[in-house]
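Participant: My questions are about this predicted structure, shown below with the sequence.
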Amino acid sequence: MLFYSVLKTLIGKPVSVHLKNDVEVSGTLQSADQFLNLKLDEIKVKDEAKHPHLLALKCVFIRGSVVRAVELPREAVDVELLQDAARVDYATYLESLKQTGKQKPKEHDDGDESEGEE
């Protein structure tokens, strides 16, 4: 849900979307949902010669399951806020593990490898 929250703040801003079929579309983000479905206006296709059938389109709806990556404008993302939200999300995850009695997987370790070493 963190990524969805970031996308919602970028409505009206330019983004580039890389699709799984190697098409790259840039445009103004008009809407986004929790499934990563995106609507872009004023679109441009990166390789027009390769995808001439997309030149006539002015707006597109992109199903989230075909999105490989979304490039966000650097100046539009509040990095500190995003880092804080990620920390809170991780702390919530750890708390839920504690409540259920489960142990966190090895790849989610805190990274403190100095324990027991001198």
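Facilitator: Alright, I've got the coordinates. Just so it is clear, the structure is predicted and the values come from calculations on it, not from any experiment.

Participant: And for the worst-scoring helix or strand of the chain on mean pLDDT, what's in contact with it?
Facilitator: The weakest-scoring helix or strand in the chain, judged by mean pLDDT, DSSP states H and E, is helix 2-9 (a mean of 78). Here helix 2-9 makes contact (Cβ atoms under 8 Å, 6 or more residues apart in numbering) with 29, 32-34, 36, 38, 70, 72, 76-77, 82, 85-86, 89. For the C-beta atoms, the positions are set from N, CA and C on the backbone; glycine is no exception.

Participant: Please list the members of those residues that lie in strands.
Facilitator: Leu29, Ala32, Leu38, Val70 (DSSP state E).

Participant: Any stretches of the protein with poor pLDDT?
Facilitator: 1-2, 106-118 (pLDDT under 70).

Participant: care to break it down by domain?
Facilitator: Domain segmentation of the chain under automatic domain parsing yields 2-74, 79-103.
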